[in-house]
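A.B. asks: Return atomic coordinates for the entry below.
(2 chains, ligands or ions: 4)
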Amino acid sequence: MCETCGCGQGSIPVKITRPGEPEANEHHHEPHSHGHHHDHDHSHDHDHPHDHDHSHDHDHSHDHDHSRQRLIRVEEDILSKNNLLASRNSGYFEAKGVVALNLMSSPGSGKTTLLELTIKALEGKRPVAVIEGDQQTLNDAERIDQAGAPVVQVNTGNGCHLDAEMIRLAVDKLELQERSVLFIENVGNLVCPSLFELGEKHRVVIISVTEGEDKPLKYPTMFEHADTCIINKTDLLPYVDFDTELVRKYALSVNPHLRIMELSAKTGDGMEPWIQWILDLKP
Amino acid sequence: MHELSIAISIVDTVIKQAEAASANHVSEVNLDIGLYSGIEFQSLEFSLGVAAKDTILEKTAFRINRVEPVAECPSCHHLYTPDRVFSHCPECNKPGIRLIRGTELQIKSLLVEQNE
Ligand SMILES: Nc1nc2c(ncn2[C@@H]2O[C@H](COP(=O)(O)OP(=O)(O)O)[C@@H](O)[C@H]2O)c(=O)[nH]1
Ligand SMILES: [Mg+2]
Ligand SMILES: [Zn+2]
Ligand SMILES: [Zn+2]
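C.D. replies: Ligands and ions are numbered 1, 2, ... in the order given. Predicted coordinates:
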């Protein structure tokens, strides 16, 4: 299932590591053998009753002596494999009573800092676990480990997003407790992660007041696919030129159903609604 | 750069399909990609070249049909061409946007050559 993660191509393998482990075990996806020995377990019966308005009648008269041309209808969603694995993950989470949250933002918006504080705030109230996604380094996993939560680091190499397969492999290394909340910190990037479902129950997009108010307009796909938006670093509001009402307006214009919370992961101001929301989450 | 992962996924799927059909050659792959799918077209075209290299699709023409967005008003079901943001229904002026077209990421069909 290397097709959707982009690894292998760039030759940097995906690594999945727990802090304190001696060697990261490299997960060499079978390096893009392009289809020769994949098991093909889902049958495609192409009898969709769509009206295909553009008829491809390719009767170019090539002189291929012994062959003839044939049009094969495929109608396969390019992301369907990832989506299938994502729904397997979400089935697994449901069976375990686990709620998974996919946290996405630009680099440096404060995902890890927010997680550190959240882990402390949830201590004794609800079990948590974390999957950290970064292209390189174990730094974030070490911060989470320090904060006291079980964590697995996924290094995507040059992959710019997590995918459902990486989550499955990472979950294998976590002993998820019943009723826990699984936080997945995606690779810092507001584009690609929005296309790849992981099996999460909620998608949380984080922006900070040091970024432009027009982020929701520049990255509408991300804000459309999220259900919750955190505006972080509100402690810096007195020092920056950031119009919170404007960013709310932009975000809601892209996605009117977005749940928006403002907080500072540094001072802890505004954390209560976020923590309460997490405590109320049902698997 | 997710265009590369998408391109690899396309190439792998097409090869599987071509093999299942015992095709000698794939001359064309027709893709439907929505203008609001989150894909950058130039980057996808480039990535398809990279992904197809050294495979049986090296000489295949990838035809990308860019699907224009269509929105349906959640209130009055009017169909219209949406603006990405600040979308109000031009008919009833209620806010909200539901895309019914424009987010496609689909392999539609292949044109293959088979032995008689
Ligand atoms: N002033 C301020 N700084 C913050 C806040 N949250 C995070 N930071 C800082 O922003 C930087 C990036 O934070 P980090 O959590 O690593 O971001 P990530 O890349 O999204 O995981 C760090 O220097 C944090 O200390 C906040 O609420 N206020
Ligand atoms: Mg981080
Ligand atoms: Zn990307
Ligand atoms: Zn309307």
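
A.B. asks: Confidence-wise, which helix or strand of chain B is lowest on average?
C.D. replies: strand B:98-101 (a mean of 84; mean pLDDT, DSSP states H and E).

A.B. asks: quick one: strands adjacent to that strand?
C.D. replies: strand B:70-72 (antiparallel) (DSSP bridges).

A.B. asks: next helix or strand past the partner strand?
C.D. replies: strand B:79-80 (DSSP states H and E).

A.B. asks: packing partners for that next one?
C.D. replies: Where contact means 3 or more Cβ pairs under 8 Å, 6 or more residues apart in numbering or on different chains; DSSP states H and E, strand B:79-80 is packed against strand B:70-72. C-beta here means a position set from N, CA and C on the backbone, and glycine is covered the same way.

A.B. asks: who in chain A is up against ligand 2?
C.D. replies: By the criterion of Cβ under 5 Å from the ion, the positions of chain A lying close to ligand 2 are A:111-112, A:140.

A.B. asks: between the residues you listed, which has the most around it?
C.D. replies: Neighbour tally across the residues of chain A next to ligand 2 (other Cβ atoms under 10 Å in any protein chain shown): the maximum, 26 neighbours, falls on A:Lys111.

A.B. asks: Helices along the stretch 151-283 of chain A, start to end?
C.D. replies: A:164-172, A:215-218, A:220-225, A:244-254, A:271-279 (DSSP state H, counting those that start in this stretch).

A.B. asks: any residues touching the second one, and which ones?
C.D. replies: It refers to helix A:215-218. Residues outside helix A:215-218 that contact it (Cβ atoms under 8 Å, 6 or more residues apart in numbering or on different chains) are A:106, A:190, A:207, A:212, A:223, A:247, A:250-251, A:253-255, B:84-85.

A.B. asks: A:Asn102 and ligand 1, how far apart?
C.D. replies: 13 Å (Cβ to the nearest ligand atom, to the nearest Å).

A.B. asks: name the helices or strands packed onto the helix or strand hosting that residue?
C.D. replies: Per DSSP H and E: A:Asn102 is located in strand A:99-105. Counting contacts by 3+ Cβ pairs under 8 Å, 6+ apart, strand A:99-105 packs against helix A:80-96, helix A:111-122, strand A:181-185, strand A:202-208.

A.B. asks: in the helix or strand hosting B:Ala7, what counts as buried?
C.D. replies: Secondary structure assignment for B:Ala7, by DSSP H and E: helix B:2-20. Neighbour counts over helix B:2-20 (16 or more other Cβ atoms under 10 Å in any protein chain shown) mark B:2-18 as buried.

A.B. asks: Ok, stretch A:102-122 next?
C.D. replies: A:102-106, A:109-119, A:121-122.

A.B. asks: Need the CA coordinates for that stretch. CSV is fine.
C.D. replies: These are the backbone C-alpha positions of stretch A:102-122, laid out as CSV (Å, rounded to 0.1, in the frame of the first residue of the first chain):
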residue,chain,number,x,y,z
ASN,A,102,-6.6,14.5,13.0
LEU,A,103,-4.7,17.7,13.8
MET,A,104,-3.5,19.7,10.8
SER,A,105,-1.8,23.1,10.4
SER,A,106,1.1,24.9,8.8
PRO,A,107,4.5,24.1,10.4
GLY,A,108,4.8,26.0,13.7
SER,A,109,1.1,26.8,14.4
GLY,A,110,1.4,25.1,17.7
LYS,A,111,0.1,21.5,17.3
THR,A,112,2.7,19.9,19.5
THR,A,113,2.5,22.6,22.1
LEU,A,114,-1.3,22.3,22.2
LEU,A,115,-1.0,18.5,22.6
GLU,A,116,1.5,18.9,25.5
LEU,A,117,-1.0,21.1,27.4
THR,A,118,-4.0,18.9,26.4
ILE,A,119,-2.3,15.7,27.7
LYS,A,120,-1.7,17.4,31.1
ALA,A,121,-5.2,18.7,31.2
LEU,A,122,-6.7,15.3,30.4
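
A.B. asks: Against A:Gly268, how distant is A:Thr210?
C.D. replies: Distance, A:Thr210 to A:Gly268, by Cβ to Cβ, to the nearest Å: 18 Å.

A.B. asks: I'd like to check which residues are in contact with A:Gln177.
C.D. replies: A:127, A:129.

A.B. asks: Excluding chain neighbours, what is closest to A:Leu169?
C.D. replies: A:Ile16 (5.4 Å; Cβ to Cβ, 6 or more residues apart in numbering or on different chains).

A.B. asks: Also A:Gln146?
C.D. replies: Nearest to A:Gln146 is A:Glu116, by Cβ to Cβ, 6+ apart, at 7.8 Å.
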